[in-house]
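A.B. asks: with the sequence up front, the predicted model follows.
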Amino acid sequence: MLQGGSLIVVLFVLASCASVTVINTMPEGARVYVQDQPVGYTPYTYSDTKIVGTVTPIRLEFEGYKPLTTVLVRNEEIDVAPIIGGFCFAWPLWLWSMKYQPMHMYELMPDDK
């Protein structure tokens, strides 16, 4: 069984592996597809535990507007917790040393049809 201090360290390390970003569009309410799977509508909170440099395809669709395809790359901001954890406990934590920006804003263009 883990002692109180050890449990806190384990929870801190596990939480530091996740990265979260909010995907927003203008106009709001666009359908969000992650890896071609519908997941919700903007504003949409996306979270994952993928490693540094991982690319995730995103598609945004809204009736009367052109679909927008982009990618999220987990290399946008430094995440200090896994770096410290990598030095103190286990170097593989460095695989989560980068995270997403807190928000991604996309402007959808009207469809010319």
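C.D. replies: Looks like it came in fine. Note that the structure is predicted; figures quoted are calculated from it, not measured.

A.B. asks: confirm for me that Ala18 is in contact with Thr49.
C.D. replies: Yes - if you go by Cβ atoms under 8 Å, Ala18 and Thr49 touch, sitting 5.1 Å apart. Glycine gets a C-beta too; all of them are placed from N, C-alpha and C.

A.B. asks: bridged to Asn24, which residues?
C.D. replies: Per DSSP bridges, the residues bridged to Asn24 are Met105.

A.B. asks: my error: substitute Gln37 in the last question.
C.D. replies: Val34.

A.B. asks: ok, it to Glu28 distance?
C.D. replies: Note on Gln37: its distance to Glu28, by Cβ to Cβ, to the nearest Å, is 21 Å.

A.B. asks: ditto for Glu107
C.D. replies: 11 Å.

A.B. asks: where does the prediction get shaky in the protein?
C.D. replies: Low-confidence segments of the chain (pLDDT under 70): 1-16, 76-98, 113.

A.B. asks: all strands for it, in order.
C.D. replies: Per DSSP state E, the chain carries strands over the ranges 19-26, 31-34, 37-41, 44-48, 55-61, 68-73, 77-78, 98-99, 103-107.

A.B. asks: could I get those strands in TSV, plus columns for mean neighbour count?
C.D. replies: Below are the strands of the chain laid out as TSV (neighbours: other Cβ atoms under 10 Å):
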stretch	mean neighbour count
strand 19-26	18
strand 31-34	18
strand 37-41	12
strand 44-48	14
strand 55-61	16
strand 68-73	14
strand 77-78	12
strand 98-99	21
strand 103-107	13
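
A.B. asks: does Thr49 touch Arg74 like I think?
C.D. replies: No - at 9.7 Å, Thr49 and Arg74 do not qualify as touching, with contact defined as Cβ under 8 Å.

A.B. asks: list the residues that contact both of those two?
C.D. replies: Residues touching both Thr49 and Arg74 by Cβ atoms under 8 Å, 6 or more residues apart in numbering: Ser19.

A.B. asks: give the contact list for the residue lying closest to Tyr41 once chain neighbours are set aside.
C.D. replies: Spatial nearest neighbour of Tyr41, excluding adjacent residues (Cβ to Cβ, 6 or more residues apart in numbering): Gly29 at 5.4 Å. Contacts here follow Cβ under 8 Å, 6+ apart; on that basis Gly29 touches 41-42, 62.
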